[in-house]
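J.: just a sequence and a predicted model for now, questions to come.
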Amino acid sequence: MTGETDLKTLLASMTPELLAGIYVFATLAPGVAQPEDVEPVMVFREREGTTLIVTEEEANAAGLTASFRCRMLTLNIHSSLEAVGFLAAITTRLAAAGMGVNPVSAFYHDHLFVPADRAEEALELLTELAEENRA
């Protein structure tokens, strides 16, 4: 299963879902091990260090310095990693509302980390975008 590539189908068929919990982005310096009691939803290694996306609760318990309190929205459609324009359309809609977003693409779905205090608004905007593309 390779996922959907047609932009209109992706936009019309997505069902954005707001997940429970507050997430944060935390970093570890190069060579610093990930705390054992932390289960990130994402780990990304860069030259400057390792980024973890974890629940705020886990970050606090592990004593991690974190930033960007956010909520996670999952776009429930199996989008292809080769799809063109899907995240561009999503981020453009959120940007038009003055909202920053940190998207993460995984094999089956795209996930958006949006400001915690604007998560419901983001969900509404993306639901409207899907409805517009069904018309």
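T.: Yep, that arrived. Numbers count the residues shown, from 1 in each chain.
J.: and the longest helix along the chain, what does it pack against?
T.: Ranked by number of residues, the top helix in the chain under DSSP state H is helix 119-134. In terms of contacts (3 or more C-beta pairs under 8 Å, 6 or more residues apart in numbering; DSSP states H and E), helix 119-134 is packed against helix 7-13, strand 16-18, strand 66-75, helix 86-96. To be clear about C-beta, it is placed using only N, CA and C from the backbone, and glycine gets the same treatment.
J.: in the last one, what's buried?
T.: Residues of helix 86-96 classed as buried under the neighbour-count rule (16 or more other C-beta atoms under 10 Å) are 86-87, 90-91, 93-94.
J.: I'd say Ile22 and Ile53 touch.
T.: No: look at Ile22 against Ile53 with C-beta atoms under 8 Å: they stay out of range, at 11.3 Å.
J.: looking at those two now, which is surrounded by more residues?
T.: For Ile22 versus Ile53, the count of surrounding residues by other C-beta atoms under 10 Å is larger for Ile53: 22 against 14.
J.: now stretch 10-20: mean pLDDT?
T.: The pLDDT scores in stretch 10-20 average 93.
J.: for Val32, find the nearest of the helices and strands packed on helix 119-134.
T.: Val32 lies closest, by C-beta to C-beta, to one member of those: strand 66-75, at 14.4 Å.
J.: ok, the residue lying closest to Ala119 once chain neighbours are set aside - contacts?
T.: Nearest residue to Ala119 in three dimensions, chain neighbours excluded: Arg71, at 3.6 Å (C-beta to C-beta, 6 or more residues apart in numbering). Shown in contact with Arg71 (C-beta atoms under 8 Å, 6 or more residues apart in numbering): 18-19, 21-23, 113-116, 119, 122.
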